[in-house]
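Visitor: Below is the structure, and that's it, no one-letter string:
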Ligand code: IPM
Ligand code: MG
């Protein structure tokens, strides 16, 4: 099969981790007889440095012409990097928000899994983490507060900032459908998270989710307020299967969920539209402090490449091969610094990539 992939190495550790993911994809291609064609585009700070903007129209066109996009990470140190002296619409993050909107990637899937092999990394007490957990956050990605109208004005000498949070029922319905569809393939439970005791947008969210749920009688639906959900994630994470939520709540809760696994360097994500097209990226950021030092953990990006094979190309066997190679490397006792524990062998980014490749061949 011919796979046309646009890569966004991006900033910070991005280029290193994408290189390792490509190595793993190439090993899969060789073993299973596929042809991977990569085209790199610039985004974020890397694009600012060359083009003065975090995302160009040409880059968007290149991404659109591919079957899928594999991304590393974007952004720099917000206190020291010159990128953050620019107006907000020209900063690295604007590139990421821009490509999500341009490609209509409204559904963001963020699995948070406690790997048996990394149980020690979980910061929760053993009686809470139990026998591990496996949840998926389905975050709405192109609406809500992050895409509403915003402005900062001065009224009578007082500075005032406004952000608007808007959702229409169609935006809610399409993400709810994705959430229920995926729950059906998992443990058949959806926890819809909102702030319906305060926000109108949340009351509409809840009403539309209820409507969609009628088509999924086999899936259990519960509603949870976002503040309670933040608490429940550390109190009893095993209760969750699919968490369905709007853009900002999903941004915050997915960081929390990844932290309770203790290994954010392991967590992949997929951003999908209505077709098979998707953008795949690790859940973590660009870690500028360790960039270029061969210290980053490439596993989240490698697992994102696996999600890409599964969701955009229907190559389940190939995706399974990557997932089990990753598990095998962990079982064999190799760790990058972020997930290091006693008795294991510490390796760098490149070596981790090599070890995974060896287990695919
Ligand atoms: C994420 C990031 C982005 C977001 C930022 C970089 C704009 O935090 O993917 O979670 O908030 O969506
Ligand atoms: Mg975030």
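Guide: In hand now; what should we look at? Source: prediction; values computed, not measured. Numbers count the residues shown, from 1 in each chain. Ligands and ions are numbered 1, 2, ... in the order given.

Visitor: List the contacts of the residue nearest to residue 325 when sequence neighbours are not counted.
Guide: Sequence neighbours aside, residue 359 is the residue nearest to residue 325 in space, at 3.9 Å (criterion: CB to CB, 6 or more residues apart in numbering). The way it works is simple: take the backbone N, C-alpha and C, and place the C-beta from them, glycine included. Residue 359 is in contact with 324-325, 328-329, counting by CB atoms under 8 Å, 6 or more residues apart in numbering.

Visitor: same deal with residue 148?
Guide: Residue 148 touches 163-166, counting by CB under 8 Å, 6+ apart.

Visitor: who wins for most neighbours among those residues?
Guide: residue 165 (17 neighbours; other CB atoms under 10 Å).

Visitor: Any figure for the gap between residue 302 and ligand 1?
Guide: 18 Å (CB to the nearest ligand atom, to the nearest Å).

Visitor: Then residue 18?
Guide: 16 Å.

Visitor: any idea of the pLDDT on that residue?
Guide: Looking at residue 18, its pLDDT is 98.

Visitor: Wait, a helix at it?
Guide: Yes: per DSSP: H, G, I helix; E, B strand; the rest coil, residue 18 lies within a helix segment.

Visitor: Single out the residue in the protein that lies closest to ligand 1.
Guide: Nearest to ligand 1, among the residues of the chain, is residue 93, at 3.9 Å (CB to the nearest ligand atom).

Visitor: Name the nearest residue to that residue, ignoring sequence neighbours.
Guide: residue 75 (6.1 Å).

Visitor: Which secondary structure state does the one you found sit in?
Guide: Applying three-state DSSP: residue 75 is coil.

Visitor: The one 4 residues further on now?
Guide: When classified by three-state DSSP, residue 79 comes out as coil.

Visitor: Count residues in the vicinity of it, would you?
Guide: Residue 79 - counted by other CB under 10 Å - has 6 other residues nearby.

Visitor: And the pLDDT at it?
Guide: For residue 79, the model assigns a pLDDT of 95.

Visitor: Repeat that for the one 4 residues further on.
Guide: At residue 83, the model reports a pLDDT of 98.

Visitor: List the residues that contact it.
Guide: Per CB under 8 Å, 6+ apart, neighbours of residue 83: 45, 48, 75-76, 91-92.

Visitor: and which of those is nearest to residue 187?
Guide: Distance to residue 187 across the contacts of residue 83 (CB to CB) is lowest for residue 75, with 34.1 Å.

Visitor: what kind of secondary structure is residue 160 in?
Guide: strand.

Visitor: Leaving out sequence neighbours, find the closest residue to it.
Guide: Nearest residue to residue 160, sequence neighbours excluded (CB to CB, 6+ apart): residue 153, at 5.5 Å.

Visitor: tell me which residues in stretch 252-259 are buried?
Guide: Across stretch 252-259, burial judged by 16 or more other CB atoms under 10 Å covers 253-259.

Visitor: cool, and stretch 49-56?
Guide: Residues of stretch 49-56 classed as buried by neighbour count (16+ other CB under 10 Å): 53-56.

Visitor: And the furthest pair within these?
Guide: Comparing every pair within the buried residues of stretch 49-56 by CB to CB identifies 54 and 56 as the most remote, at 8.9 Å.

Visitor: For the two, list the residues in contact with both.
Guide: Common contacts of residue 54 and residue 56 (CB under 8 Å, 6+ apart): residue 47.

Visitor: in what helix or strand does the residue most central in space within the chain lie?
Guide: With distances taken as CA atoms, centre = their mean, residue 269 lies nearest the centre of the chain, 3.2 Å away. If you go by DSSP states H and E, residue 269 is part of strand 268-272.

Visitor: residues making contact with the helix or strand just after that strand?
Guide: Sequence order places strand 278-282 as the next helix or strand after strand 268-272, per DSSP H and E. The contact list for strand 278-282 (CB under 8 Å, 6+ apart) reads 17, 63, 68-73, 99-100, 103, 105, 265, 267-272, 300-301, 303-305, 307-308, 311-312.

Visitor: quick one: strand 278-282 near ligand 1?
Guide: No: judged by CB under 6 Å from any ligand atom, strand 278-282 stays clear of ligand 1, getting no closer than 7.6 Å.

Visitor: residue contacts, residue 116?
Guide: So residue 116 contacts residue 132 (CB under 8 Å, 6+ apart).

Visitor: Look up how far residue 34 lies from it.
Guide: Distance of residue 116 to residue 34, computed by CB to CB, to the nearest Å: 30 Å.

Visitor: likewise residue 40?
Guide: Counting by CB to CB, the separation of residue 40 from residue 34 is 19 Å.
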